[in-house]
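J.: Quick one, what's the 3D model for this:
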Amino acid sequence: MGEAEIDLQPLITSGDAFGDPDNLPDMQIDKWLTSNDDCLIKDSMINVVDGKVKQEVMLKLQNVESGEIVLELECGLLLRNELIGI
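T.: Down below sits the predicted model:
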């Protein structure tokens, strides 16, 4: 079984920067570009779809003969008051 690393920061930053996705139309808001430092097979778009911030990533597995994994990530809205306990 292989392994792959993923950077969640682009998804979290994009979700936070645009605020409540329920108020946005379906659109691309960012992308995570492939580089020599990550496991991405191709550039990964971050989109608002049906009021949710989503990202599909295709990753090449490492420490294994071959393999790939496709993940769809979704960033949920956290209310700042909940984060600080108000």
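J.: now the helices for this protein?
T.: 9-17, 80-84 (DSSP state H).
J.: OK, contacts around P21?
T.: Residues near P21 by C-beta atoms under 8 Å, 6 or more residues apart in numbering: G15, V48, G51, K52, V53, L77. Placement of C-beta: from N, CA and C, glycine included.
J.: hmm, back to that, select from the helices of the chain the stretch with the lowest mean pLDDT.
T.: Here the lowest mean pLDDT among these goes to helix 80-84, at a mean of 50.
J.: all strands for this protein, in order.
T.: 27-32, 44-49, 52-60, 68-75 (DSSP state E).
J.: can you tell me which of those comes nearest to M1?
T.: strand 68-75 (10.7 Å; C-beta to C-beta).
J.: Relative to the closest one, what are the paired strands and their orientations?
T.: strand 52-60 (antiparallel) (DSSP bridges).
J.: Next up, the contacts around the closest residue to L61 other than its chain neighbours.
T.: In this structure, L61 finds its nearest non-sequential neighbour in G2, 2.9 Å apart by C-beta to C-beta, 6 or more residues apart in numbering. The contact partners of G2, taken as C-beta under 8 Å, 6+ apart, are L61, Q62, N63, V64, G67.
J.: give the contact list for V64.
T.: The contact partners of V64, taken as C-beta under 8 Å, 6+ apart, are M1, G2, E3.
J.: let's see it at 6 Å
T.: Listed by C-beta atoms under 6 Å, 6 or more residues apart in numbering, the contact partners of V64 are G2.
J.: Relative to L73, how far out is it?
T.: From V64 across to L73, the span is 22 Å (C-beta to C-beta, to the nearest Å).
J.: Same check on Q9?
T.: In terms of C-beta to C-beta, Q9 sits 12 Å off from L73.
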